[in-house]
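Student: My questions are about this predicted structure, shown below with the sequence.
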Amino acid sequence: MKGLPTILAVTAALTSTTYAHWTYDRIIVNGQIIGEPWQYVRRHSNGNNFLSDVTSADMRCNIDGLLSGANTSTYPVNAGDKLGFTIKDTFGHPGPQQVYISKAPADVKDYDGSGDWAKIYTLSDCRTKDCGTGDGIVKWATYRAQTFNFALPRELPAGEYLLRAEGIAIHAAQKSRGAQFYVACAQIKVEGSGTGMPGPTIKFPGSYTSNSTGILIPQIWSQITNYTSPGPKLWPEGTEEAHVLDGKVKQSD
């Protein structure tokens, strides 16, 4: 039928785009996927869709994520543990993966995320021999990831925290508000004797702008030869950006 190829092409494009979207629904602790979906991650109402307005409070824990704390369990961990998130669907767009942490003033179930956030992890461009970087174009260590792990700083003081995963898709970021943000928050209770002071810190919203470095890209993503992620320096001081995906997990018993 005339027009059928066009319909099929559109359907395929939509399916591909949807498949590339993601959210975070479970945490990983020391290589073990923990609990059921949304048991320790605040459920939001945005599905696997993205955010684009960096001035919105939804940037903290996604749409309605600030309302679901009371219905979310808090998981006990130790400072120094290896934590992580599972990605529902697939991290299917170019861009970095970041993790922020914010201490609750009391019970994290009641915390609205309006306090200070320190960045503890960034997974960005791939720099191994297998990346095919001979042409100088950025290749992404995050691409097609379905889980990722990172270290919870040993210096982190005991207390209850929001642990915020942030994926940024930059395939349309050459235009204002073109960057796509995928966000969710887990609730954790940290045990340990850490006495560090997380920082530098930022606020959500307030610190990201539509033209911040790493959010507005001056040229099409497939041609960039370097990339700087948005946000503050990683904490603790001296922490380096990751360029190799650590996605090793085992399923819960």
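Tutor: Great, that's in hand.
Student: Regarding Pro76, what is its secondary structure?
Tutor: strand (DSSP: H, G, I helix; E, B strand; the rest coil).
Student: so it touches Tyr161, yeah?
Tutor: No: taking contacts as Cβ atoms under 8 Å, Pro76 lies outside contact range of Tyr161: 11.4 Å. All C-beta spots, glycine's among them, are computed from the backbone N, C-alpha and C.
Student: tell me the contacts of Asp116?
Tutor: Going by Cβ atoms under 8 Å, 6 or more residues apart in numbering, Asp116 touches 102-103, 198-199, 201-203.
Student: So how do I select the buried members of these in ChimeraX?
Tutor: The ChimeraX selection below is limited to those of the contacts of Asp116 classed as buried (16 or more other Cβ atoms under 10 Å):
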select :102,103,198,201,202
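Student: Adding pLDDT, write the contacts of Asp116 out as CSV.
Tutor: As requested, the contacts of Asp116 are arranged in CSV below (pLDDT from 0 to 100):
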residue, pLDDT
Ser102, 98
Lys103, 98
Pro198, 98
Gly199, 98
Thr201, 98
Ile202, 98
Lys203, 98
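Student: in the host helix or strand of Gln187, what counts as buried?
Tutor: If you go by DSSP states H and E, Gln187 is part of strand 180-191. Residues of strand 180-191 classed as buried by neighbour count (16+ other Cβ under 10 Å): 180-188, 190.
Student: Closest one to Trp22 out of these, please.
Tutor: Of all those, Trp22 sits closest to Tyr182, with 5.7 Å by Cβ to Cβ.
Student: Excluding sequence neighbours, find me the nearest residue to the closest one.
Tutor: Take Tyr182 and drop its neighbours on the chain: the residue closest to it by Cβ to Cβ, 6 or more residues apart in numbering is Gly167, 4.1 Å away.
Student: what angle do whatever helix or strand that neighbour lives in and strand 180-191 make?
Tutor: Assigned by DSSP H and E, Gly167 falls within strand 159-169. Orientation check (axes from the mean of the first three to the mean of the last three Cα atoms, to 10 degrees): strand 159-169 against strand 180-191 gives 160 degrees.
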